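Q: Structure for the following, please:
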Amino acid sequence: MAKKNKKTSKKKSNGKPKNNKSQETASLNTILTGDCIEMMQALPEGSIDLAFADPPFNIGYKYDVYDDRKTVDDYLEWSKQWMTEVHRLLKDDGAFWLAIGDDFAAELKILAHQLGFHSRNWVIWYYTFGVHCESKFTRSHTHLLYFVKNPKEFTFNRDAVAVPSARQLVYNDKRANPKGRVPDDTWILRPQDCQDGFNPDENCWYFPRVAGTFKERAGFHGCQMPEQLLGRIIRCCSRAGETVFDPFSGSASTSVVAKKLHRNFLTMELSEEYAEKGQERIDAVQPGDPLDGAEDPKLSAPVTYPVDGRGKQLSKATDKPMTDKQLKESFESELIAAFAEAHEGYSVDRLVLDPKLNQAFLDSCLRKSLEGTPLDLNRYLFRLRKSGKIKLAGIETEKRTSYSWDELDKYFDAAEIAWKLTVDEHRVSLDDLYCDPVLAAEFDRTAAQFAPGFQSIDYRWAALTVRKQSKLARSRSEKIARDRNSTKIETGKPIKLEKLDLEDCDSNPGLYVIQSGKKQLYVGETLNLKERLDRSFFGKKSGKNAWRKQGNSLKIAFPSINIQSKSTSHVANELLGYQSFIIAEHTPKLNALNQVVS
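A: Numbering: from 1, shown residues only. Next comes the predicted model:
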């Protein structure tokens, strides 16, 4: 039976000598670096109370060390090895939670049973900000498989995870049990009745995924579990002072939550970089700190519009079914109101591009029960802006977003390259890239690889500026061709990057062409050639590693051009014209300036 609390339940002995505890204790509350299977084999049997594992899904995700493209047989064999060790390390009354994607959920559940685990629940974690797909339904869930070692003796803290019942949450019924109810396996998907998303007292748990725009996000690791979700698991299946184990530390969220909830933790990480940054996250929190992220729905009955016998929404004023026009007008009115609450005086462009403002807007949409994905809501906001309805609503956008050319020059190239790579991979417009928080975060990470150290809004606004300048640049390119009576500019003899002496480069405006073999990768323009090359290839915090991934034996050439303008803005525009001219001739891989966009 499930253990209710320490007073009424006793721990079973695992039969191991007590002196094995010394090795376990030495490993507690820090991140161990190395192969998790080898490190688990060195730990004593029955030494952990709860295991949570979010392993690589074998879908080709780009980790910094681990190769996420194993054969099916190799992946299953590797999974068997580490899951066998988890089973050995668990105490007799321990629990094991496994987060896994669609591709291997069924196989790993069967494998877990073969290894001696007993299934308690197959929970679905539904998350917002699903990964955008073009040719199949957008993926917006992960499987959470809940196992115990002994089906008759395990920890399950009912009161720690009790949630509001329907009587409390929807009907505000005073007869409801004030302690709430135990989560069950029933899916009740009524988002119109829950202002915070799907009701979390069901098998389908609503916790927002940690998207790139979220304050909770650690930033250095692309796969991160929400603290509130981990908090539910840790509260349910362990007690203060017990040990929570995670063989795949990643962003260290499991350990961070365990520490906040007064648990010991034991965790492992293959990547030294992830381990170092994860330890920084752990050291930055204290036991008793609140968990980050969205909490469970509030104990208040949300507004539910009445419906007729056919399920059609009724007007609040007339009790007659609302027409499609009325529904549209109501939706648009609420969306504009959400914008008014969140924009802080800035334009629609700034609100969609700025992660903080956009999150405030999406939160407001959620409170107003506006249905749609973040992509849909942001797209619709753009349409309202273009139709003039936001202006007609009398909303003032007096604050201007302004970047000087000198500021933009520091990451202009990185923004253009990130735009091109992200759009090419996902086949979306720049607008849709910005409207989808997942793709926008991917864009940010790519831009930061080429020009580290700047904010998301910096990269995003720079790419928007590239697009706005595209038409003017092509026009200037055509004028250059007429003035020169030629469609070519000599790019000069390429030099191997490793042989280039930065001191030989001047600090004047100029163009450069990056090549890999005979392939043109990128045509760049800059107000300060020496500084740009230093930031891209030579400095301590440069983008050289990102460039190495684009090709071997990189070379650089310097086209000869004649800049006539004096003011910075005119120089920048003239450079863009020359850049567009050379792009049209060579069609390099990483330039987005000349491409037609929506």
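Q: Output the below-cut-off pLDDT ranges for the chain.
A: Counting by pLDDT under 70, the chain shows low-confidence ranges at 1-26, 60-65, 127-140, 163-176, 179-224, 293-322, 484-488, 595-598.
Q: can you list the domain ranges for it.
A: Each domain of the chain is listed here as a residue range: 26-238+270-283, 324-392, 405-586, per automatic domain parsing.
Q: end to end, how far does the last one reach?
A: Same thing as domain 405-586. Domain 405-586 stretches 26 Å from its first residue to its last (C-alpha to C-alpha, to the nearest Å).
Q: how distant is it from the center of its chain?
A: 26 Å (C-alpha atoms, centre = their mean, to the nearest Å).
Q: any idea where the strands of the stretch 101-250 of the chain begin and end?
A: In the stretch 101-250 of the chain, the strands defined using DSSP state E, counting those that start in this stretch lie at 118-131, 139-148, 154-155, 204-206, 243-246.
Q: If you could redo that for the stretch 351-500 of the chain, that was the one I meant.
A: 495-496.
Q: now the helices for it?
A: 355-367, 374-387, 389-392, 405-408, 412-426, 430-435, 437-450, 456-484 (DSSP state H, counting those that start in this stretch).
Q: Which one, of those, ends up nearest to Glu276?
A: Minimum separation from Glu276 across the helices of the stretch 351-500 of the chain (C-beta to C-beta) falls at helix 437-450, 17.9 Å. C-beta: built from backbone N, CA, C; applies to glycine.
Q: Check which helices and strands the closest one sits against.
A: strand 118-131, helix 355-367, helix 412-426, helix 430-435, helix 456-484, helix 544-548 (3 or more C-beta pairs under 8 Å, 6 or more residues apart in numbering; DSSP states H and E).
Q: in the last one, what's buried?
A: Burial within helix 544-548, assessed by neighbour count using 16 or more other C-beta atoms under 10 Å, is assigned to Lys544, Ala546, Trp547.
Q: Partner strands of whatever helix or strand comes next after that helix, with direction?
A: Next helix or strand after helix 544-548 toward the C-terminus (DSSP states H and E): strand 554-557. Next to strand 554-557 in the sheet, as set by DSSP bridges, lie strand 495-496 (antiparallel), strand 510-516 (antiparallel).
Q: Just send the helices and strands packed on helix 437-450 back as JSON lines, with distance to Asp406 too.
A: Output for the helices and strands packed on helix 437-450, formatted as JSON lines (distance: least, C-beta to C-beta, whole Å):
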{"stretch": "strand 118-131", "distance to Asp406": "35"}
{"stretch": "helix 355-367", "distance to Asp406": "24"}
{"stretch": "helix 412-426", "distance to Asp406": "11"}
{"stretch": "helix 430-435", "distance to Asp406": "24"}
{"stretch": "helix 456-484", "distance to Asp406": "12"}
{"stretch": "helix 544-548", "distance to Asp406": "23"}
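Q: For Lys499, find the nearest of those.
A: Comparing the helices and strands packed on helix 437-450 under C-beta to C-beta, the one sitting nearest is helix 544-548, at 14.7 Å.
Q: residues in contact with that closest one?
A: Here helix 544-548 makes contact (C-beta atoms under 8 Å, 6 or more residues apart in numbering) with Thr446, Gln449, Phe450, Ile514, Ser536, Phe537, Phe538, Leu554.
Q: Buried deepest among the strands paired with strand 554-557, which one?
A: strand 510-516 (a mean of 22; mean count of other C-beta atoms under 10 Å).
Q: report the angle between the axes of it and helix 412-426?
A: Calculated by axes from the mean of the first three to the mean of the last three C-alpha atoms, to 10 degrees, strand 510-516 forms an angle of 40 degrees with helix 412-426.
Q: Now do Val257 against Glu396, distance only.
A: 42 Å (C-beta to C-beta, to the nearest Å).
Q: More neighbours: these two, which one.
A: The neighbour count for Val257 versus Glu396, taken as other C-beta atoms under 10 Å, is higher for Val257 (29 against 9).
Q: SS state for that one?
A: Following DSSP: H, G, I helix; E, B strand; the rest coil, we place Val257 in the helix state.
Q: which residues sit in contact with it?
A: Per C-beta under 8 Å, 6+ apart, neighbours of Val257: Glu227, Leu230, Gly231, Ile234, Leu291.
Q: coming back round to it: please identify which of the buried residues of helix 544-548 is nearest to Ser364.
A: For the buried residues of helix 544-548, the nearest to Ser364 is Ala546 (36.0 Å; C-beta to C-beta).
Q: got JSON lines for the strands paired with strand 554-557, with distance to Cys36 too?
A: As requested, these are exported to JSON lines (distance: least, C-beta to C-beta, whole Å):
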{"stretch": "strand 495-496", "distance to Cys36": "41"}
{"stretch": "strand 510-516", "distance to Cys36": "37"}
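Q: Which of these sits closest to Thr30?
A: In terms of C-beta to C-beta, the element of these nearest to Thr30 is strand 510-516, at 42.3 Å.
Q: distance between stretch 238-257 and the chain's centre?
A: 21 Å.
Q: cool, and stretch 387-404?
A: Distance, centroid of stretch 387-404 to centroid of chain: 28 Å (C-alpha atoms, centre = their mean).
Q: So which bits of it are buried?
A: Using 16+ other C-beta under 10 Å as the test for burial, stretch 387-404 gives Ile390, Thr397.
Q: quick one: contacts of stretch 343-356?
A: With C-beta under 8 Å, 6+ apart as the criterion, stretch 343-356 contacts 212-213, 339, 342, 357-358, 361, 378, 381-382, 384-385, 390, 395-401, 434-435, 437, 440, 456-457, 460-461, 464.
Q: Is Ser253 in contact with Leu230, as I believe?
A: Yes: contact status for Ser253 versus Leu230: in contact at 6.0 Å, counting by C-beta atoms under 8 Å.
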